[in-house]
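*Asks:* The sequence and its predicted three-dimensional model are supplied below.
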Amino acid sequence: MVGFRPFSKLNIAVFFIGILSIFFLGKWFNLNKGYEPAAYLDGQIEEAGYESKKTILLYTAKDGDRENWKWLFPKKILKCKNNVVCRITSDHERITEAEVVLVSLSDINSFTWTWLPINYVPPPWQKWVATWGEAPWFYYHMTFRNIGSFSVLNGIFDWTVSYRPDSTIISNYLHDPNKGDNCKFVKKSTKSELDSNAIMSKKSDLALWVVSHCSTTSRREEYIAEMNNYMHVTTLGSCSSLGKDDGAFNTIEWYKFYLSFENSLCDDYITEKFFNILKHNTVPVALGAPKKDYEKIAPPNSFIHADDFNTPEDLAKYLIYLDNNQEEYLKYLEWKKSYELVCEEKWPCQLCAKLYQNNKKTRKYDDFPGFWNKSSCYGDWHYKTRTYQ
């Protein structure tokens, strides 16, 4: 009877080399398949007369697809206020002429050889810019293994664009499609009226939560499950028993409260889950960044923060109290009489304008892990335990 020959050490070595080769080729393919020029830009004819203008190179894909850049850079010519103009390209052949090389942090990894240009030394006038919009856990799980692996980015980037207030250009989630980015609430010159009766006439339920990300590092799903023991929270979205509901947000005005619970508890990470609710006559209940971060950017007394309560039960009881006391509830909407939203230009135009300024003193991120680590994440609902989410 003929048996199988046992694997020799050479066979095993060849086997593992083959597996590693497939792994690294896969990494290379997945990164580089998004590096072909964006089709939406390729199909456009560049307007004449702008040849001397600054050039921004969209070097990587954005969130896995180059086409996603079109919401920020829709045309080959970016026209901004004060006659500021930049040329937009995604063609790597033009890297030597680009004043900015724009890199999406979610579309690179710690294997720099898979995405950095080989044997290329950027000229001193060229700025490499990193942009991102997700909480830190996303990059640990999807692209970088841990805080230490960010060291491969040391010395690469000059500027950053993100929701963090220490970024070169701030692009947080408080924006308006018509007004711009990095918006702020400021006092109105003249107070407006608030029709309390009309607002309350629409209210038919207590609290709403729309959710599509079911298991989170913030454990918001556990918090709300405990709240449900003391009050009713209407849950819609793909994580609810009712399944996905495309019209869920159309019902916000029916509810007195919306649970603006983030997937991560990280400094300054406040998303549209909170800011979009401020546009409605509904009170957001926040769990995400520490309360002080909300206070820096939201109007006074415009929200309720979970950290003000010892337990989910205490928060639930307070919401029930407000439900039964209309005058106290309406105090959380009073700010609408006195505040309005003002915004800066959208960040692509801020980036373009910055290229025409005197930027001889540039900031080089020689310690990217140190910069990244200045922003903390937390492992508990009262922000006592720091964690690398």
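*Replies:* That came in fine, so what should we check first?
*Asks:* Do you have the strands of the stretch 251-389 of the chain handy? List them.
*Replies:* Per DSSP state E, counting those that start in this stretch, the stretch 251-389 of the chain carries strands over the ranges 255-261, 283-287, 304-305, 339-344, 377-378, 386-387.
*Asks:* Where among these is average confidence lowest?
*Replies:* Lowest mean pLDDT within the strands of the stretch 251-389 of the chain: strand 386-387, at a mean of 82.
*Asks:* Which strands border that strand, and is each parallel or antiparallel?
*Replies:* strand 377-378 (antiparallel) (DSSP bridges).
*Asks:* coming back round to it: which one of the strands of the stretch 251-389 of the chain lies nearest to residue 112?
*Replies:* The closest of these to residue 112 is strand 377-378. By Cβ to Cβ, the value is 24.8 Å. (Each C-beta comes from the backbone N, C-alpha and C, glycine too.)
*Asks:* still on that earlier bit, and the strands of the stretch 251-389 of the chain as JSON lines, adding distance to residue 226 and mean neighbour count?
*Replies:* Output for those, formatted as JSON lines (distance: least, Cβ to Cβ, whole Å; neighbours: other Cβ atoms under 10 Å):
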{"stretch": "strand 255-261", "distance to residue 226": "12", "mean neighbour count": "24"}
{"stretch": "strand 283-287", "distance to residue 226": "12", "mean neighbour count": "24"}
{"stretch": "strand 304-305", "distance to residue 226": "16", "mean neighbour count": "21"}
{"stretch": "strand 339-344", "distance to residue 226": "33", "mean neighbour count": "16"}
{"stretch": "strand 377-378", "distance to residue 226": "18", "mean neighbour count": "21"}
{"stretch": "strand 386-387", "distance to residue 226": "21", "mean neighbour count": "14"}
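*Asks:* Next one, pLDDT for the residue lying closest to residue 131 once chain neighbours are set aside please.
*Replies:* Distance criterion Cβ to Cβ, 6 or more residues apart in numbering; nearest residue to residue 131, sequence neighbours excluded, is residue 161 at 4.0 Å. Looking at residue 161, its pLDDT is 96.
*Asks:* secondary structure element for residue 161?
*Replies:* strand 159-162 (DSSP states H and E).
*Asks:* sorry, back to before: let me know which of the strands of the stretch 251-389 of the chain is the nearest to residue 135.
*Replies:* Closest of the strands of the stretch 251-389 of the chain to residue 135 is strand 377-378, at 7.1 Å (criterion: Cβ to Cβ).
*Asks:* For the strand holding residue 161, which helices and strands make contact with it?
*Replies:* Other helices and strands packing on strand 159-162, by 3 or more Cβ pairs under 8 Å, 6 or more residues apart in numbering; DSSP states H and E, are strand 127-131, strand 169-170, helix 347-354.
*Asks:* will you turn those into TSV that also has mean neighbour count and distance to residue 152?
*Replies:* Shown next, in TSV, are these (neighbours: other Cβ atoms under 10 Å; distance: least, Cβ to Cβ, whole Å):
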stretch	mean neighbour count	distance to residue 152
strand 127-131	22	12
strand 169-170	19	23
helix 347-354	22	24
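*Asks:* I'd like to know which of these is closest to residue 239.
*Replies:* strand 127-131 (28.6 Å).
*Asks:* what mean pLDDT does that closest one have?
*Replies:* 96.
*Asks:* any idea which helix or strand comes after that strand?
*Replies:* That would be, after strand 127-131 and using DSSP H and E, helix 136-142.
*Asks:* Which residues does that next one contact?
*Replies:* 105-106, 132, 146-147, 217, 263-264, 266, 372, 375, 377, 388-389 (Cβ atoms under 8 Å, 6 or more residues apart in numbering).
*Asks:* mind redoing it with 10 Å?
*Replies:* 64, 105-109, 132, 134, 144-147, 149-150, 216-218, 263-267, 269, 372-373, 375-377, 387-389 (Cβ atoms under 10 Å, 6 or more residues apart in numbering).
*Asks:* Now the buried members of the residues you listed.
*Replies:* Among the contacts of helix 136-142, those classed as buried by 16 or more other Cβ atoms under 10 Å are 105-109, 132, 134, 144, 147, 149-150, 216-218, 263-267, 269, 372, 375-377, 389.
*Asks:* Among the residues you listed, which ones are in helices?
*Replies:* residue 372 (DSSP state H).
*Asks:* Tell me how far the residue nearest the centre of the chain lies from residue 287.
*Replies:* Centrality entry for the chain: nearest residue to the mean C-alpha point is residue 133, 2.5 Å, by Cα atoms, centre = their mean. Shown here: residue 133 relative to residue 287, a distance of 19 Å by Cβ to Cβ, to the nearest Å.
*Asks:* what's the answer for residue 281, then?
*Replies:* 21 Å.
*Asks:* Check residue 226 too.
*Replies:* 12 Å.
*Asks:* Show me whatever sits in contact with both of these two.
*Replies:* Taking Cβ under 10 Å, 6+ apart as the contact rule, residue 226 and residue 287 both touch 312, 315.
*Asks:* Take the helices and strands packed on strand 159-162 and lay them out in a markdown table including distance to residue 328.
*Replies:* Output for the helices and strands packed on strand 159-162, formatted as a markdown table (distance: least, Cβ to Cβ, whole Å):
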| stretch | distance to residue 328 |
| --- | --- |
| strand 127-131 | 42 |
| strand 169-170 | 34 |
| helix 347-354 | 39 |
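*Asks:* Which among those is found nearest to residue 114?
*Replies:* strand 127-131 (16.2 Å).
*Asks:* Send me the closest one as CSV with only the CA atoms.
*Replies:* Backbone C-alpha positions of strand 127-131 (Å, rounded to 0.1, in the frame of the first residue of the first chain) are rendered in CSV as follows:
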residue,chain,number,x,y,z
LYS,A,127,2.7,69.2,0.0
TRP,A,128,1.5,65.7,0.9
VAL,A,129,-1.8,65.8,2.6
ALA,A,130,-3.6,63.1,4.6
THR,A,131,-7.3,63.1,5.0
